[in-house]
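Asks: below are the sequence and a predicted model; questions follow.
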Amino acid sequence: MDNKDVVDTLNTLIETCKDGEYGFLSCSEHVGSPSLRQVFSARATECREAARELQQLVRQHGGTAEDEGSTTGAMHRGWVAVRGALTGYSDLAMLEECERGEDAALARYRKALQEQLPADVLLVVQRQMAGVQRNHDQIRQLRDQARATNG
């Protein structure tokens, strides 16, 4: 895999991290539960830090690092706003949207791990993928609890 391919893969993951950051921040603004707001804010911070780490790798591999989220992420955030307006921004609706976003992030990380990445990049992507999986599992658990409560 040449440096251009490595940079392209990393930039896709940076977009994914930025999408997560913006998505979690958006959801944190619309939930009623202070504990959920705290969870979403912490996840947004983790996504921002992951993006910075990937941006540094892009520069190390001679590329220009992505600084924005994807069009798909912008559409997702728009959907969060539309859905929130329709549902009154219920905590359950925000959890469902966050889980959907984390599903997309997992898919992008899995795809990146299928590439022939240099060892230094592979280690970072594997570690970040584990974090995305933990986030996804936590959000799903919170969503399931919210469904049971609203049941």
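Replies: Yes, it's here.
Asks: which ones are touching residue 53?
Replies: Residue 53 makes contact with 124, 128, according to C-beta atoms under 8 Å, 6 or more residues apart in numbering. Where you see a C-beta, it was placed from the backbone N, CA and C, and this is true even at glycine.
Asks: name the element it belongs to?
Replies: helix 34-60 (DSSP states H and E).
Asks: of all the residues in that helix, which ones are buried?
Replies: Buried residues in helix 34-60, defined by neighbour count with 16 or more other C-beta atoms under 10 Å: 36-37, 39-40, 43-44, 46-48, 50-51, 53-55, 57-58.
Asks: again, but for stretch 4-17
Replies: Buried residues in stretch 4-17, defined by neighbour count with 16+ other C-beta under 10 Å: 6, 7, 9, 10, 11, 12, 13, 14, 15, 16, 17.
Asks: can you pull up the most central residue in this structure?
Replies: Closest to where the C-alpha atoms of the chain average out (C-alpha atoms, centre = their mean) is residue 20, at 2.9 Å.
Asks: next one: that residue from residue 145, what distance?
Replies: Spatial separation of residue 20 from residue 145 under the definition C-beta to C-beta, to the nearest Å is 21 Å.
Asks: do the same with residue 97
Replies: Distance of residue 97 to residue 145, computed by C-beta to C-beta: 16 Å.
Asks: more crowded one of those two?
Replies: residue 97 (25 against 12; other C-beta atoms under 10 Å).
Asks: counting contacts, what elements does the strand or helix carrying the more buried one pack onto?
Replies: Assessed by DSSP H and E, residue 97 sits inside helix 91-113. Secondary-structure packing of helix 91-113 (3 or more C-beta pairs under 8 Å, 6 or more residues apart in numbering; DSSP states H and E): helix 3-30, helix 34-60, helix 71-87, helix 119-150.
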